[in-house]
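K.L.:
sharing a sequence plus its predicted fold:
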Amino acid sequence: MTNVLLSSKNLSHHYGSQVGCIDVSFDIYPGEVLGVVGESGSGKTTLLKNISGLLQPSSGSVKFDTRVDGLKDIYLLSEPERRLLMRTDWGVVFQNARDGLRMNVSAGANVGERLMAIGARNYRDIRNEATDWLQNVEIGLERMDHYPETFSGGMLQRLQIARNLVTKPRLVFMDEPTSGLDVSVQARLLDLIRGLVSQLGIACVIVSHDLGVMRLLSNRLIVMHKGRVVEKGLTDQVLDDPQHPYTQLLVSSILPV
Amino acid sequence: MAAISGERKRSSRLKEKTLDGYNFAYLDDQTKRMIRRAALKAVAIPGYQVPFGSREMPLPFGWGTGGIQVTASIIGIDDTLKVIDQGADDTTNAVNIRRFFAKTAGVETTENTSDASIIQTRHRIPEVKLKSDQIIVYQVPIPEPLRWIEPREEETRKMHALTEYGVMHVELYENIAHYGKVTTSYNYPVQVNDHYVMSPSPIPKFDNPKMDKMPALQLFGAGREKRIYAVPPYTKVKSLDFDDHPFEIESWSECCALCESSSSFLDEVITDDKGSRMFVCSDSNFCADRRAKGHKGPGLPRKFEIKDIE
């Protein structure tokens, strides 16, 4: 197997006396999609923030395979280095697309911003790149100069994905990317994410409580309960043959159609 | 800032010229020291916004309180002050600020750019090239160039510190995407000394090139926002642009109707309600100078003497 892309060791986070997550360890390899499932309050989002550099964990380490120096603890990097990493090698797709987009600038500028942030200074090139990406996420080019406010929920989420993928990151964090969308839009978005991820070989950490989404997208699964990882393994294995009582409960709670 | 002459001479001049009961140049000395410290720091870090304890002034925020405080802190009894507003010496704001310092500091005032040692300005840089023994003080409404795209002060400070200025180009991108060219015409952002991106105050972008390597010291005061920043003499000031859409300044197809200048910033003046208009220099001192030297613009009546309009 290739080198580890991101490695979390004994990660714990406490909010005062409240528990965020406890003793979480896992590795992510390039091109792999890791799903994190669990009920509300189980520590999924805390974990995601911890490993994406947004929230320093109380203890434990998060290491990322940087392009120059190899595996390094992201919280020991200097702030400029960490912010550069976030702009280039990482992407974060928020549950609420409005959190990840600039609503007061056009769709094209939203996609182009990350390019400009890493030094692109040629308008034509930025425009062309943004055009390509809007096409990739199936947003009509006639909408390129429109403001995100005029977009539907599904389009906003696709725009947010384009904005993140334009710098060709190696790892994308997604927090409930499909919740709040109706099922047909969800299906299209899932198709899109699955296509892009396999086509570009991007590694992904997806947090969701939707087991259907997980079955479609992720290769491996981590099940969290009360801040702890209670089960992990291949997605099909975990979903078809759950071992831990909580996972069994979770799997049996899926509503049949 | 000019060398202060003998203490006795100074105090006698002060007594006969200034208002009783006020300190020299209105502000108390502790405040002046505080502002000078901020200004020194600003000069040491070109383009960096230094916070300072802005004082209540006898006019509302937005009317030039930042500029006045800076001027009051650097002015000396031997200085000659010029104040311009939109390029003109005779607009309300300019007249009142000039009168304010004549009363409280007893300094000489002038309308002539080359005679002034301190020039306080709103919206323009004079057309005449400034010299190394002059200081230009800008009145600034919003000092933070990143504010429109990033409302959090904590974040903008970080962005400045780490030179993360990608978002500044988003505005330019938007202009080009919507209008085919950069339409920002005033307060056009600049990068100072290859580091800090700075708001040049609402001067037209026509004046931006004048800031680059200017021999005079440039001080910026924002009273409401409580920031002072500076560009030291001969410092590189570059207007932001794209490789394929380079920075451009405004140009006019006409010349000044009064002095026939074709190299100055022109204001459009509506002359009646039937759509007639004329273009005149916004720098009134520059225009008057040229007329005095015998230049006649196409807007002057044929049999017209310069003294008629003065």
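P.N.:
Thanks, I have the structure now. For clarity, every value in this text was computed on a predicted model and none was experimentally measured.
K.L.:
B:V197 and B:P189 touch, don't they?
P.N.:
Yes. Contact status for B:V197 versus B:P189: in contact at 5.6 Å, counting by Cβ atoms under 8 Å. C-betas here are computed from N, CA, C, even on glycine.
K.L.:
now do the residue lying closest to A:L71 once chain neighbours are set aside against chain B, distance only.
P.N.:
Spatially, and ignoring its direct neighbours in sequence, A:L71 is nearest to A:K63 (4.8 Å; Cβ to Cβ, 6 or more residues apart in numbering or on different chains). Taking Cβ to the nearest Cβ, to the nearest Å as the measure, A:K63 falls 23 Å from chain B.
K.L.:
any residues in contact with both of B:V197 and B:P189?
P.N.:
Listed contacts common to B:V197 and B:P189 are B:145, B:168, B:240; contacts here mean Cβ atoms under 8 Å, 6 or more residues apart in numbering or on different chains.
K.L.:
quick one: buried ones out of those residues?
P.N.:
Neighbour counting with 16 or more other Cβ atoms under 10 Å in any protein chain shown marks B:145, B:168, B:240 as buried within the shared contacts of B:V197 and B:P189.
K.L.:
quick one: the strands in the stretch 101-250 of chain B?
P.N.:
Here the stretch 101-250 of chain B has its strands, by DSSP state E, counting those that start in this stretch, at B:108-109, B:118-122, B:135-139, B:190-192, B:196-198, B:217-222, B:227-231, B:237-239.
K.L.:
for those, which one sits closest to A:E149?
P.N.:
strand B:196-198 (27.1 Å; Cβ to Cβ).
K.L.:
what packs against the closest one?
P.N.:
Judged by 3 or more Cβ pairs under 8 Å, 6 or more residues apart in numbering or on different chains; DSSP states H and E, strand B:196-198 is in contact with strand B:190-192.
K.L.:
which residue, other than its chain neighbours, is closest to the one residue in chain A that gets nearest to chain B?
P.N.:
Chain B sits closest to A:A117 of chain A, with a gap of 3.0 Å, by Cβ to the nearest Cβ. Of all residues beyond its chain neighbours, the one nearest A:A117 is B:G166 (3.0 Å), with distances taken as Cβ to Cβ, 6+ apart.
K.L.:
cool, A:W133 as well?
P.N.:
Distance criterion Cβ to Cβ, 6+ apart; nearest residue to A:W133, sequence neighbours excluded, is A:A162 at 4.2 Å.
K.L.:
ok, now A:R102?
P.N.:
Distances taken as Cβ to Cβ, 6+ apart place A:N110 nearest to A:R102, at 5.7 Å, with adjacent residues excluded.
K.L.:
number of nearby residues for that neighbour?
P.N.:
If you count neighbours by other Cβ atoms under 10 Å in any protein chain shown, A:N110 ends up with 24.
K.L.:
for it, give me its contacts.
P.N.:
A:101-102, A:148, A:159, A:163.
K.L.:
so it is in which element?
P.N.:
helix A:107-117 (DSSP states H and E).
K.L.:
buried residues, that helix. List them.
P.N.:
Neighbour-count burial for helix A:107-117, counted by 16+ other Cβ under 10 Å, picks out A:107-117.
K.L.:
and what of stretch B:107-118?
P.N.:
Neighbour counts using 16+ other Cβ under 10 Å place B:107-111, B:113, B:116-118 of stretch B:107-118 among the buried residues.
K.L.:
need the max-distance pair from these.
P.N.:
Using Cβ to Cβ, the buried residues of stretch B:107-118 span at most 16.3 Å, a distance reached by B:V107 and B:T113.
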